[in-house]
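Peer 1: sequence and predicted structure are below.
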Amino acid sequence: MSGSRALSLSLVGLAAVGVVLTGCSSDDGESGTSAPGGKGGAAVSKGGKGSAKLTYSGGASGEVVIESVGCAVMDGKLTAVTAPDSADSGAPAKPSFTAVLSGDKAMSTLTTKDGTGYVQSAGSGVSGFKSGDTWVVNVDGLTLGPTDLSGEPITVDGTITCGSVAGV
């Protein structure tokens, strides 16, 4: 399979997760709790929408802050993250972060404020855990390559707190 075909299939998979997360979500109303661990110190916002604070460096550098995060859980394990929460957006968002997790591997994308896209199809660097009633996602040393195949890869670090969670 060619690299561009694999990239297209990866992006289709992430889009499917966005559709799933739009379909159902629950917010327990608990808010204002701090997210332990990770880099960036994100916390659940007062509106219970979650938040993401990610920094990136390498071929480009900067910070992404998103105030709405949707997550999916299956059998007590985090399986997907969409920031901003797909239910809150009608058009592709800038900035945005998505991840689909399977075991210790994640398919991830990051779009910066200027619209530059980065992707990783099957690597590590994203993990999730439940802290009380809140799902927290640590992004640690996640390496993403540019989607247009030009430029240098970036390394992403930060913490994401899920605001809405679909699944069980």
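Peer 2: Yep, that arrived.
Peer 1: all helices of this protein, in order?
Peer 2: When secondary structure is read from DSSP state H, the chain shows helices at 3-23.
Peer 1: lowest average confidence, helix or strand, in it?
Peer 2: helix 3-23 (a mean of 38; mean pLDDT, DSSP states H and E).
Peer 1: V168 - how many residues pack around it?
Peer 2: 8 (other Cβ atoms under 10 Å). (C-beta placed from N, C-alpha, C; glycine too.)
Peer 1: residues touching it, list them.
Peer 2: If you count contacts by Cβ atoms under 8 Å, 6 or more residues apart in numbering, V168 has them with V73, M74, D75, G76.
Peer 1: kindly provide the distance from the nearest residue to the third one once chain neighbours are set aside to I154.
Peer 2: Meaning D75. Nearest residue to D75 in three dimensions, chain neighbours excluded: V168, at 7.5 Å (Cβ to Cβ, 6 or more residues apart in numbering). Per Cβ to Cβ, to the nearest Å, V168 is found 34 Å from I154.
Peer 1: go on, D104?
Peer 2: 21 Å.
Peer 1: so V73 bridges to which residues?
Peer 2: With DSSP bridges as the criterion, V73 is bridged to L78, G167.
Peer 1: now it: how far from V137?
Peer 2: Counting by Cβ to Cβ, the gap from V73 to V137 is 11 Å.
Peer 1: which one's more surrounded, the two?
Peer 2: V137 (28 against 17).
Peer 1: now for that one: which residues touch it?
Peer 2: Applying Cβ under 8 Å, 6+ apart, the residues near V137 are G38, C71, L78, V81, A99, V126, S127, G128, T159, I160, T161, C162.
Peer 1: using JSON lines, lay out those together with neighbour count.
Peer 2: Formatted as JSON lines, the contacts of V137 follow (neighbours: other Cβ atoms under 10 Å):
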{"residue": "G38", "neighbour count": "21"}
{"residue": "C71", "neighbour count": "29"}
{"residue": "L78", "neighbour count": "23"}
{"residue": "V81", "neighbour count": "28"}
{"residue": "A99", "neighbour count": "27"}
{"residue": "V126", "neighbour count": "25"}
{"residue": "S127", "neighbour count": "17"}
{"residue": "G128", "neighbour count": "20"}
{"residue": "T159", "neighbour count": "23"}
{"residue": "I160", "neighbour count": "28"}
{"residue": "T161", "neighbour count": "28"}
{"residue": "C162", "neighbour count": "31"}
